[in-house]
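Asks: sequence first, then the predicted structure:
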Protein chains: 2
Amino acid sequence: MQSLKRVELLTIGEELLLGLTANRHLTTIGASLARRGLVLARSCVLPDDRNVIADAFLKAWTRSDVVLVTGGLGPTTDDLTRPAIFGALGLEEIHDPQIEQAIRNRFQRMGREMPDNNLQQALRPREATVLPNANGTAPGLLLERDGKLLFLLPGPPGELHPMFEGQVLPLMELRGILGEEQAYLQIRTVGIGESAVQALLSPVFADYPGLGVAYCAHHGQVDCRLSSPDGAYGPDELQRVADRCRDLLGDDFLTFGEDCLVKIVCDLLRTGEYELAVAESCTGGLLSNCFTNVPGASKFFAGGVVCYSNNAKVLMLDVPECMLKQHGAVSAETAVAMATGVAERLGADFGLSITGFAGPCGGTKENPVGTIYLGLHSPRGIWCRKLNYPGSRMLVKERAVNAALDWLRRELLRPDETPGTDEQTRFEAKRLLDLKF
Amino acid sequence: MQSLKRVELLTIGEELLLGLTANRHLTTIGASLARRGLVLARSCVLPDDRNVIADAFLKAWTRSDVVLVTGGLGPTTDDLTRPAIFGALGLEEIHDPQIEQAIRNRFQRMGREMPDNNLQQALRPREATVLPNANGTAPGLLLERDGKLLFLLPGPPGELHPMFEGQVLPLMELRGILGEEQAYLQIRTVGIGESAVQALLSPVFADYPGLGVAYCAHHGQVDCRLSSPDGAYGPDELQRVADRCRDLLGDDFLTFGEDCLVKIVCDLLRTGEYELAVAESCTGGLLSNCFTNVPGASKFFAGGVVCYSNNAKVLMLDVPECMLKQHGAVSAETAVAMATGVAERLGADFGLSITGFAGPCGGTKENPVGTIYLGLHSPRGIWCRKLNYPGSRMLVKERAVNAALDWLRRELLRPDETPGTDEQTRFEAKRLLDLKF
């Protein structure tokens, strides 16, 4: 096994230190490297200050094999990454006509005039390799010295991430820096708490002394990462441990790796050749948006309705006005009427609905803020579920969407002959249809 | 005016370097300090390694007035922050019976047995002040030396954030470290590029030597932050500079401060007592979701339709089938039919629609991936706009939504007597209605 290289990330941008934007670079780059066996040694956020950047860069350059620098490559006066670092390395910049042409082409394609200050983005050290930027004006730059690699990358995530995946990783691979295996094996669970996961899986881990186990809870999901810090267990052995965990977890096991819940649900819909339609009130399009983030969603996603008002529920989903009057928009009856309504309107196999009070206002004594009703219309029946989540409006929306996705996932996994798990809240399709039409 | 203190943030935790969780501490702490006049000087994420922590801490301690350390205070073997830092400072730890009692009480309240390893959280240097933790077992610690402050704070956001706001900020205030005013004044612009903003505003800034100016581009918006690093300009003077910028920017000026585009659009809709309905194809609910993230959206947001299939466009929005056949789902005609269809179906004043190819598949020679048509149905007319965005599916979706929001914003701002800015793409309402109905 090769010795692992030391990689550091320097992110330049006062907006990060001011808390104005989250450091998404660390999450994407960190995760991407970990999938190839490397754990970032350190990540620092620095202000747009030439001396600070130069000093921090030289320290990182001395102790590391690869230094990734992001941000501060723009055309404005506070973009100091290039002068700071090239100054520190004693490199002179030359004008690169190819970079200039690429920038001019970009402006032309957008039908906009190129301001003169963009021209300074066409400067680069003679020794540097240019990494073309298909999504912005600042190209990336690669500098190699004494077997070390320095990457200068643009700050906007939409420019950085494709460049990192499409150019930086392949270049690191060519230099033999990336490993073959993930730095860890991840078991993703859903619908079970962190301590319950730990209680369930600990007896398995007791059989493997020195196994690295870490837990991470996020949005109704708990990830469990297995690793072998001292190299005692190879990938096959880690996988055998993970398989034992999967068997114990049953339906609470979501996947190995990083696929998200909606991706798994989409795969199940595609495999079953089902069509889905969704109706949302308080989640306001978040559920629809999840599905349509998955490329090729038109194969199984018929569409959705955001029925934010009672009027919209009646007009778009045929929810009876009398039902809204009698039971309210936030009720089991309305949830199932929405699910059935959208499925029938769009001729889909499955209808999934969410209605509730996301807060901060609204709510009743019986259904306080945080109350969510989910409706599920499937070829096998129509059900509803009542949930309650604490937390902010955004958090309630996210949790409601995750709960809806997980419910659909379990329904899609359920063998035909097994009864639904929700018999107590089951609405007989016939009874409901009588009520509605 | 007092001289500003230097504050650094050290965050300990391998899960951040593995990209498994975003560094929310940086955004909350950074923003919180900036609101009180302090800009974080640097923020580093470090692995759970005693030597690395000790080394990075000593460097930060030497150059700063305040060092904030978060994470690694837990009871497990990989929690090394305390030994690393107290070792580096040559401090001995004593057992604090009050901390122990607080931890025991917490476990008792939860009806759980306290594992022995929690007892090490009751250790602290004799010189340290204890910051009680109402939300977890690890207390915070404050150490003062030579007028410098060191805060050790627990890692979980639910424990850290209340402790930071409720205890750390007041303690810093007592020591006279916090300022009275924001550290900067932010001008938010939309629909104009970063270099164009700079070209437009630079002549203003030339009148104020020593003015701090920083730019940040994100999703079709450009922020320009004004500050006075040497204290030469007070808040009133910064505001006068900002007012001049606003006047130059015209409709490209969005707001002062941090309000987002959708918030501004919602305020305009609320003020005009208008109702809005939206119809989305390729953005799949993202536009609807933006509006419904704003509390009280039901006052002006009638609802939305995610018409991902042609079928959904016909059934939910009355887009004529012959139009879809003749012009295609991604066309000016379909965009305006969607906007009008959803506005009429839901009886809203404004209808906003998005159709296009978000990629990675789809697209035609005339309308390649990244092509977006926006439709706007307003009480004054019906228009369409064609745009093209490079980039990933997510990026195209985000940019399309931002362009739609900005267009609606400009339409809502436009005085009644001014003609629309899009005469060349204007569809006469009558002609369109002839075509449709």
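Replies: Alright, I've got the coordinates.
Asks: chain B contacts on the stretch 151-300 of chain A?
Replies: A:156, A:158, A:161-162, A:183-184, A:214, A:216, A:218, A:223, A:225, A:278, A:280, A:282-289, A:291-293, A:295-298 (C-beta under 8 Å from any C-beta of the partner chain). From N, CA and C alone the C-beta is placed, and that goes for glycine too.
Asks: cross the residues you listed against strands and list the overlap.
Replies: Within these, residues falling in strands by DSSP state E are A:214, A:216, A:218, A:223, A:225, A:278, A:280.
Asks: how far away is A:Asp65 from A:Met172?
Replies: Counting by C-beta to C-beta, to the nearest Å, the gap between A:Asp65 and A:Met172 amounts to 10 Å.
Asks: any shared contact partners between the two?
Replies: A:Leu149 (C-beta atoms under 8 Å, 6 or more residues apart in numbering or on different chains).
Asks: of these two, which one has the most company?
Replies: Between A:Asp65 and A:Met172, counted using other C-beta atoms under 10 Å in any protein chain shown, the more crowded position is A:Met172 (23 against 20).
Asks: quick check: nearest residue in space to the more buried one, chain neighbours excluded?
Replies: Leaving aside its chain neighbours, A:Met172 sits nearest to A:Leu178 (5.3 Å; criterion: C-beta to C-beta, 6 or more residues apart in numbering or on different chains).
Asks: over to that neighbour: give its phi and psi.
Replies: Per-residue torsions, A:Leu178: phi -90, psi 150 (degrees, to the nearest 10).
Asks: wait, it touches A:Gly37, no?
Replies: Yes: contact criterion C-beta atoms under 8 Å: A:Leu178 and A:Gly37 qualify, at 6.5 Å.
Asks: which one's more surrounded, these two?
Replies: Ranked by neighbour count (other C-beta under 10 Å), A:Leu178 and A:Gly37 place A:Leu178 first, with 22 against 18.
Asks: tell me which residues touch the residue nearest to A:Met172, please.
Replies: With C-beta under 8 Å, 6+ apart, A:Leu178 has these contacts: A:33, A:36-38, A:169, A:172.
Asks: which of those scores worst on pLDDT?
Replies: Ranked by pLDDT, the contacts of A:Leu178 bottom out at A:Gly37, which has 83.
Asks: tell me how far the residue nearest in space to the middle of chain A lies from A:Tyr389.
Replies: Residue closest to the average C-alpha location in chain A (C-alpha atoms, centre = their mean): A:Cys260, at 7.1 Å. From A:Cys260 across to A:Tyr389, the span is 19 Å (C-beta to C-beta).
Asks: from the contact counts, what lies against the longest helix along chain A?
Replies: Ordering each helix of chain A by length in residues (DSSP state H) puts helix A:393-413 first. On a contact count with 3 or more C-beta pairs under 8 Å, 6 or more residues apart in numbering or on different chains; DSSP states H and E, helix A:393-413 meets strand A:185-190, helix A:261-272, helix A:286-292, strand A:350-356, strand A:371-378, strand A:381-388.
Asks: try it again at 10 Å.
Replies: Counting contacts by 3 or more C-beta pairs under 10 Å, 6 or more residues apart in numbering or on different chains; DSSP states H and E, helix A:393-413 packs against strand A:185-190, helix A:261-272, strand A:276-280, helix A:286-292, strand A:350-356, strand A:371-378, strand A:381-388, helix B:286-292.
Asks: would you turn the contacts of A:Leu178 into a markdown table with secondary structure?
Replies: As requested, the contacts of A:Leu178 are exported to a markdown table (DSSP: H, G, I helix; E, B strand; the rest coil):
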| residue | secondary structure |
| --- | --- |
| A:Leu33 | helix |
| A:Arg36 | coil |
| A:Gly37 | coil |
| A:Leu38 | coil |
| A:Leu169 | helix |
| A:Met172 | helix |
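Asks: and A:Gln326, helix, strand or coil?
Replies: Assignment for A:Gln326 (three-state DSSP): helix.
Asks: leaving out sequence neighbours, find the closest residue to it.
Replies: In space, A:Gln326 is closest to A:Glu333, 7.8 Å off (C-beta to C-beta, 6+ apart).
Asks: give the contact list for A:Ile187.
Replies: A:197, A:201, A:215, A:222-226, A:241-243, A:245-246, A:249, A:253-257 (C-beta atoms under 10 Å, 6 or more residues apart in numbering or on different chains).
Asks: scratch that, A:Cys216
Replies: Here A:Cys216 is in contact with A:186, A:188, A:194, A:222-225, B:15, B:18, B:20-21 (criterion: C-beta under 10 Å, 6+ apart).
Asks: likewise for A:Asn367?
Replies: Per C-beta under 10 Å, 6+ apart, neighbours of A:Asn367: A:328, A:330-331, A:355-357, A:373, A:386, A:388.
Asks: relative to A:Arg126, how far out is A:Arg175?
Replies: In terms of C-beta to C-beta, A:Arg175 sits 21 Å off from A:Arg126.
Asks: helix or strand for the closest residue to A:Asp230 other than its chain neighbours, just tell me which one.
Replies: Nearest non-adjacent residue to A:Asp230, counting by C-beta to C-beta, 6+ apart: A:Gly210, 5.7 Å away. With secondary structure defined by DSSP states H and E, A:Gly210 is part of neither a helix nor a strand.
Asks: how many residues are close by A:Gly210?
Replies: A:Gly210, neighbours per other C-beta under 10 Å, totals 10.
Asks: likewise for A:Asp48?
Replies: If you count neighbours by other C-beta under 10 Å, A:Asp48 ends up with 23.
Asks: how about the contacts made by A:Arg126?
Replies: Per C-beta under 10 Å, 6+ apart, neighbours of A:Arg126: A:91-94, A:96.
Asks: ranking the residues you listed by neighbours, who comes first?
Replies: A:Asp96 (19 neighbours).
Asks: so the nearest residue to A:Gly136 once chain neighbours are set aside versus A:Thr70, what's the distance?
Replies: Nearest non-adjacent residue to A:Gly136, counting by C-beta to C-beta, 6+ apart: A:Glu159, 4.0 Å away. Separation of A:Glu159 from A:Thr70 (C-beta to C-beta) stands at 10 Å.
Asks: give me the average confidence score over stretch A:58-78.
Replies: Stretch A:58-78 comes out at a mean pLDDT of 90.
Asks: now do the same end-to-end measure for it.
Replies: 20 Å (C-alpha to C-alpha, to the nearest Å).
Asks: on that earlier part again, confidence score at the residue nearest to A:Asp230?
Replies: For A:Gly210, pLDDT reads 88.
Asks: so A:Phe86 is in which element?
Replies: helix A:81-88.
Asks: quick one: average confidence on that helix?
Replies: According to the model, helix A:81-88 has a mean pLDDT of 93.
Asks: distance of A:Ala206 from chain B?
Replies: The spacing between A:Ala206 and chain B, counted by C-beta to the nearest C-beta, to the nearest Å, is 16 Å.
Asks: likewise for A:Ile53?
Replies: Relative to chain B, and taking C-beta to the nearest C-beta, A:Ile53 is found at 11 Å.
Asks: for that residue, which residues are in contact?
Replies: Taking C-beta under 10 Å, 6+ apart as the test, what A:Ile53 contacts is A:10, A:12, A:46-47, A:69, A:71-72, A:80-85, A:87-88.
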